[in-house]
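A.B. asks: below is the sequence, then the predicted model.
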Amino acid sequence: MSSALSVDSVLQQVDRSFEESVGRLCDLLRIPSISTDPAYKGDVRRAADWLVRELTDLGFDASVRETGGHPAVVAHHPGPNKNQGGGDDVPHILYYGHYDVQPAEPLELWNSPPFEPVIVEAEHGRRLVARGAVDDKGQVMTFIEAFRAWHAVHGTLPIRVTVLLEGEEETGSPSLLPFLKANAEELKADVCVITDTNSWNIETPAITTRLRGLMYIEATLFGPSHDLHSGMFGGAVLNPINALTRILGQIHDDEGRVQFPGFYDDVAEASEEEKAMWRGLGFDESAFLAGVGLTTPVGEAGRTALERLWSRPTCDINGIWGGYTGAGAKTVIAAKASAKLSCRLVPGQDPQKILAGVKAFLEARTPKDGRWEIQTFGMSPGVQVPTDSPYLRAAMTGLGDVYTNKPALIGSGGSIPVGGYIREALGFDSIFVGFGLEDDRIHSPNEKFELKCLHNGIRSHAAMLARFAALAS
């Protein structure tokens, strides 16, 4: 079987069966696989079982695999046999995605129930609205539906394929690295394709070559033994909320630089070639800000927006609380105050070293009679992908078979822990190719996936399969 000649009929099958593909995605979206909430544990497993059934129907040896938390899905396809032009020399690609989703709250801000997918008309045609529509169930279905089209036309896939789908990505992937290490031999492949990123825009596909890592903590400052009356004790005793907010206000200097000790020690400047490429993308910072209701850029001084997002580390306060926050008045000095902090890290930074710097920063500012309790929720390194890989070039060519615009090589401010974990545990690189858009409202109410993006994503994976297969010839 010559994959280069056979792909046209596969793309036609993608087009013919697209409405059925949308229907299957809707079936998956109806399962509320919220990994962070124990109340949805059964639904998380139900989603894993659903995916196993779908992959088994496509000729995969698929199973639900236990981890220390929510289960993973692992599936293997042998690819074409010798009578179909295959053999042991065909490429072997690992495909990664996640089937868990974020909580849907605040529910009152959704225009429709988050786990009852709806299709609405919008600027770019039809769009699908539901929790998980793009992050990451819709993106996972782009490659599963591409497998389906190849299977329908040829009865097989043109390469060997392993699929790994996890159920804990939205909680920091705590079980992923141990699972990869424990199953390294089984998961061995030439390269990993990860579909959990964005296109540059709806007409321009992209491969993400830089992703930031993550160090995420919850810090609690304890003071009095119990809540106190602010009239009887205010001004005479430690107030943890006052102290915490004062300390957090020292994280950034007037130039927007993070003040944790050693924070920038291992940060390398982006190359001039990369910066020139980013300038050539025509990024509109004013439109970027306007899309979220803002007008004024902030961040590290002397940097462009894309530099700040893609090549510089950051620290943000993600939540802060303490004392009385209900309706009306309750005059208390709280016994404790808490904040959640996330640091987005660039390649080269060690999350453990950054954590040590954060702890040192907080401890150096501990008020008398105060003490800290720190919980860690996420620790993953940043990733930089080599751009000279034959697999990356094949993916670029496959995208070019579907889109008119040339694929862009971009960075991402987000974190996808699996990229670094795969390099650490399995020893090979990843290709980050996704089909989301900046305005897809991931993690927010009314998350959506443009059906044009879903369609192009399925077609792109079908074309990339053929281009990967051509590397064997």
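C.D. replies: Okay, I see it.

A.B. asks: which residues of the stretch 351-473 of the chain fall in helices?
C.D. replies: Using DSSP state H, counting those that start in this stretch, the helices found in the stretch 351-473 of the chain span residues 351-364, 390-402, 417-425, 451-470.

A.B. asks: nearest to Ala236, out of these?
C.D. replies: Evaluated over the helices of the stretch 351-473 of the chain, closeness to Ala236 peaks at helix 351-364, with 24.3 Å, by Cβ to Cβ. For the C-beta atoms, the positions are set from N, CA and C on the backbone; glycine is no exception.

A.B. asks: buried stuff in that closest one?
C.D. replies: Pro351, Lys353, Ile354, Leu355, Gly357, Val358, Lys359, Phe361, Leu362 (16 or more other Cβ atoms under 10 Å).

A.B. asks: which of the helices of the stretch 351-473 of the chain sits closest to Leu109?
C.D. replies: That would be, of these and by Cβ to Cβ, helix 451-470, which comes in at 22.8 Å.

A.B. asks: what angle do that closest one and helix 390-402 make?
C.D. replies: Going by axes from the mean of the first three to the mean of the last three Cα atoms, to 10 degrees, helix 451-470 is angled at 130 degrees with respect to helix 390-402.

A.B. asks: now for helix 451-470, which elements pack on it?
C.D. replies: helix 3-16, helix 18-29, strand 125-129, helix 137-154, helix 390-402 (3 or more Cβ pairs under 8 Å, 6 or more residues apart in numbering; DSSP states H and E).

A.B. asks: of the ones you listed, which shows the lowest average pLDDT?
C.D. replies: Mean pLDDT is lowest for helix 3-16 among these, at a mean of 85.

A.B. asks: spatially central residue for the protein, please.
C.D. replies: In the chain, the C-alpha nearest the mean C-alpha coordinate belongs to Ile416, at 4.5 Å (Cα atoms, centre = their mean).

A.B. asks: from Arg24, how far off is it?
C.D. replies: Here the criterion is Cβ to Cβ, to the nearest Å. By it, Ile416 lies 24 Å from Arg24.

A.B. asks: same question, Gly326
C.D. replies: From Gly326 to Arg24 the distance is 44 Å (Cβ to Cβ).

A.B. asks: neighbour-wise, which of these two wins?
C.D. replies: Using other Cβ atoms under 10 Å as the criterion, Gly326 and Arg24 rank with Arg24 on top: 16 against 6.

A.B. asks: what's around the nearest residue to that one once chain neighbours are set aside, how many residues?
C.D. replies: Spatial nearest neighbour of Arg24, chain neighbours left out: Met141 (6.8 Å); criterion: Cβ to Cβ, 6 or more residues apart in numbering. Met141 has 27 neighbours, counted by other Cβ under 10 Å.

A.B. asks: hang on, isn't Met141 packed against Leu454?
C.D. replies: Yes - contact criterion Cβ atoms under 8 Å: Met141 and Leu454 qualify, at 7.5 Å.

A.B. asks: overlap in contacts of those two?
C.D. replies: Both Met141 and Leu454 are contacted by Ser21, Leu25, under the criterion Cβ atoms under 8 Å, 6 or more residues apart in numbering.

A.B. asks: what about the strands in the stretch 101-250 of the chain?
C.D. replies: Assigned by DSSP state E, counting those that start in this stretch, the stretch 101-250 of the chain shows strands spanning 118-122, 125-129, 160-166, 191-194, 206-211, 213-222, 228-229.

A.B. asks: from the middle of its chain, how far away would the helix or strand that contains Lys340 be?
C.D. replies: Using DSSP states H and E, Lys340 falls within strand 336-345. In terms of Cα atoms, centre = their mean, to the nearest Å, the centre of strand 336-345 is set 19 Å apart from its chain centre.

A.B. asks: that one pairs with which strands?
C.D. replies: The strands beside strand 336-345 in its sheet (DSSP bridges) come out as strand 213-222 (antiparallel), strand 314-322 (antiparallel).

A.B. asks: and the next helix or strand after the shortest one, what other elements does it pack with?
C.D. replies: What that stands for is strand 314-322. Sequence order places strand 332-333 as the next helix or strand after strand 314-322, per DSSP H and E. With contacts taken as 3+ Cβ pairs under 8 Å, 6+ apart, strand 332-333 sits against strand 228-229, helix 230-233.

A.B. asks: please parse this protein into its domains.
C.D. replies: 3-211+382-470, 214-267+313-380 (automatic domain parsing).

A.B. asks: how many residues are close by the residue nearest to Leu165 when sequence neighbours are not counted?
C.D. replies: Once flanking residues are discounted, Leu165 sits nearest to Val73: 4.1 Å by Cβ to Cβ, 6+ apart. Using other Cβ under 10 Å, Val73 has 26 other residues around it.

A.B. asks: for Val73, phi and psi?
C.D. replies: The phi/psi pair for Val73 (degrees, to the nearest 10) reads phi -110, psi 130.

A.B. asks: tell me the pLDDT at it?
C.D. replies: Looking at Val73, the pLDDT reads 98.

A.B. asks: please shift the residue numbers so they start at 39 in all later answers.
C.D. replies: Sure thing, new numbering starts at 39, so read that last one as Val111.

A.B. asks: these two touch, right, it and Val90?
C.D. replies: Yes - taking contacts as Cβ under 8 Å, Val111 lies within contact range of Val90: 5.8 Å.

A.B. asks: find residues that contact each of those two.
C.D. replies: Ala100, Ser101, Val102.

A.B. asks: which of the residues you listed fall within strands?
C.D. replies: The strands, defined by DSSP state E, take in Ala100, Ser101, Val102 from the shared contacts of Val111 and Val90.

A.B. asks: any chance of these in CSV, plus neighbour count, distance to His189 and pLDDT?
C.D. replies: Listed next are these as CSV, based on neighbours: other Cβ atoms under 10 Å; distance: Cβ to Cβ, whole Å; pLDDT from 0 to 100:
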residue, neighbour count, distance to His189, pLDDT
Ala100, 21, 13, 98
Ser101, 15, 19, 98
Val102, 15, 21, 98
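
A.B. asks: looking at the residues you listed, which is nearest Ala222?
C.D. replies: Ala222 has its nearest neighbour among these in Ser101, at 17.4 Å by Cβ to Cβ.
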